[in-house]
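J.: let me see the structure of the following:
(one chain, ligands or ions: 1)
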Amino acid sequence: MQDMEKGTLPIKTGFAEMFKGGVIMDVVTPEQAIIAEQAGATAVMALERVPADIRADGGVARMSDPKMIKGIIEAVSIPVMAKVRIGHFVEAQILQALGVDFIDESEVLTPADESFHIFKHGFTVPFVCGAKNLGEALRRIGEGAAMIRTKGEAGTGNVVEAVRHARTVLGEIRAIQTRPVEELMTVARDLQAPYELVRYIHEHGKLPVVNFAAGGVATPADAALMMQLGLEGVFVGSGIFKSDNPEKRARAIVKAVTHYNNPDILAEVSEDLGAPMTGIGIDEIIEADRMAKRGW
Ligand SMILES: O=C(CO)[C@H](O)[C@H](O)COP(=O)(O)O
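T.: Modelled structure (predicted):
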């Protein structure tokens, strides 16, 4: 799609701005990618299994087969993202060589490195990364992420963790704005975040990159909830293609994100969608299976 070979940080973050107000959908086949594009997705995330299936299957989840990613790139005209394991910079080199438009360094896959994330400034392709709190978001931005998303708890169809992470990040941003400037170095120390980025938050009251919701969004109401909380767009993985009527649900979620403040439209698009994916209660997940705790 876009030539990212000379991708500087402003080009990468500017590209992410184009997704604002939109829905990015996980797809596992070219056919699903076409459904997503026709429903109005602003981008697709190409992967072999949606998070609900990764969770159900267990084992090691890795970067998808390049052939499958190429098939999806050929099928659609919207940007195509794909996932690498946390810290797996060789998987990222491969995806960059394939020409994907964005890389998700994702906790949904099995981490390759427990201590170190990818040095994303070293790539021309832009990256999106998950975060549970502001410190984590700023560390990823410090490493070069051009976009942030809440981690939520992917593959559960349960929005509660995405809400928790969104409220945490946005609440921490508001708290920084109230601090006098001389306290910001201590704030940076406590958050384990780069000082210059804490200064940016203090001055602007927002992250320096686009901030999306992800992990557990399954209904139009979930998507609108994340927007009303203050996020700038939504990733939906399992919620669409693990539901009864993916075409209709995909269109409904896109409309819900566009009209997130209009309850009449939200009521209309929520009607007769067929069964949503079966969700999982967060308490039903054992600690070891929590995807959100991967990465730091
Ligand atoms: O990293 C992601 C963005 O594509 C995940 O796939 C996303 O969090 C999806 O989670 P879910 O399946 O719960 O919607």
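J.: please name the nearest non-neighbouring residue to the residue of the chain found nearest the ligand.
T.: When scored by Cβ to the nearest ligand atom, the chain has residue 237 as its residue closest to the ligand, at 2.5 Å. For every residue, glycine as well, the C-beta is placed using N, CA and C. Excluding its sequence neighbours, the residue lying closest to residue 237 (Cβ to Cβ, 6 or more residues apart in numbering) is residue 26, at 3.7 Å.
J.: quick check, the strand or helix carrying the one you found touching the ligand?
T.: Residue 26 belongs to strand 23-27 when assigned by DSSP states H and E. Yes: judged by Cβ under 6 Å from any ligand atom, strand 23-27 comes into contact with the ligand at residue 26.
J.: that strand - contacts with which helices or strands?
T.: Secondary-structure packing of strand 23-27 (3 or more Cβ pairs under 8 Å, 6 or more residues apart in numbering; DSSP states H and E): helix 30-39, strand 43-46, strand 234-236, helix 238-241, helix 246-258.
J.: now do the buried residues in the longest helix seen in the chain.
T.: Determined from DSSP state H, the single longest helix within the chain is helix 160-177. By neighbour count on 16 or more other Cβ atoms under 10 Å, the buried set for helix 160-177 is 161, 162, 163, 164, 165, 166, 168, 169, 170, 172, 173, 176.
J.: quick one on the thing from earlier: sheet-wise, list the partners of the strand holding residue 26 with their directions.
T.: strand 43-46 (parallel), strand 234-236 (parallel) (DSSP bridges).
J.: run the chain-centre distance for it.
T.: Offset of strand 23-27 from its chain centre (Cα atoms, centre = their mean, to the nearest Å): 9 Å.
J.: now it against helix 246-258, angle please.
T.: Counting by axes from the mean of the first three to the mean of the last three Cα atoms, to 10 degrees, strand 23-27 lies at 160 degrees to helix 246-258.
J.: tell me the buried residues in strand 23-27?
T.: By 16+ other Cβ under 10 Å, the buried positions in strand 23-27 come out as 23, 24, 25, 26, 27.
J.: now do the residue nearest the centre of the chain, the pLDDT please.
T.: Nearest to the geometric centre of the chain sits residue 149, at 4.0 Å (Cα atoms, centre = their mean). We have a pLDDT of 97 for residue 149.
J.: residue 208 contacts residue 142, doesn't it?
T.: No: the pair residue 208 / residue 142 is not scored as a contact, 10.4 Å apart, by Cβ atoms under 8 Å.
J.: identify the contacts common to these two.
T.: Taking Cβ atoms under 8 Å, 6 or more residues apart in numbering as the contact rule, residue 208 and residue 142 both touch residue 197.
J.: output the below-cut-off pLDDT ranges for the stretch 1-150 of the chain.
T.: Within the stretch 1-150 of the chain, the ranges that satisfy pLDDT under 70 run 1-6.
J.: show me where it has its helices.
T.: For the stretch 1-150 of the chain, the helices defined by DSSP state H, counting those that start in this stretch occupy 9-17, 30-39, 51-57, 66-75, 89-98, 134-142.
J.: pick the most deeply packed of the ones you listed.
T.: helix 134-142 (a mean of 23; mean count of other Cβ atoms under 10 Å).
J.: tell me if that helix is near the ligand.
T.: No: using Cβ under 6 Å from any ligand atom, helix 134-142 never reaches the ligand; the gap is at least 13.0 Å.
J.: then that helix to CSV, C-alphas only?
T.: In CSV, the C-alpha atoms belonging to helix 134-142 read as follows (Å, rounded to 0.1, in the frame of the first residue of the first chain):
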residue,chain,number,x,y,z
LEU,A,134,0.6,4.9,30.8
GLY,A,135,4.2,3.8,31.8
GLU,A,136,3.9,0.8,29.4
ALA,A,137,2.5,3.0,26.6
LEU,A,138,5.4,5.5,27.0
ARG,A,139,8.0,2.8,27.1
ARG,A,140,6.7,1.4,23.8
ILE,A,141,6.6,4.9,22.3
GLY,A,142,10.2,5.5,23.5
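J.: so which elements touch it?
T.: Using 3+ Cβ pairs under 8 Å, 6+ apart, helix 134-142 sits against strand 127-131, strand 147-150, helix 160-177, helix 184-191, helix 195-204.
J.: distance to residue 50 added to these, as TSV?
T.: Converted to TSV, the helices and strands packed on helix 134-142 look like this (distance: least, Cβ to Cβ, whole Å):
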stretch	distance to residue 50
strand 127-131	16
strand 147-150	16
helix 160-177	16
helix 184-191	32
helix 195-204	32
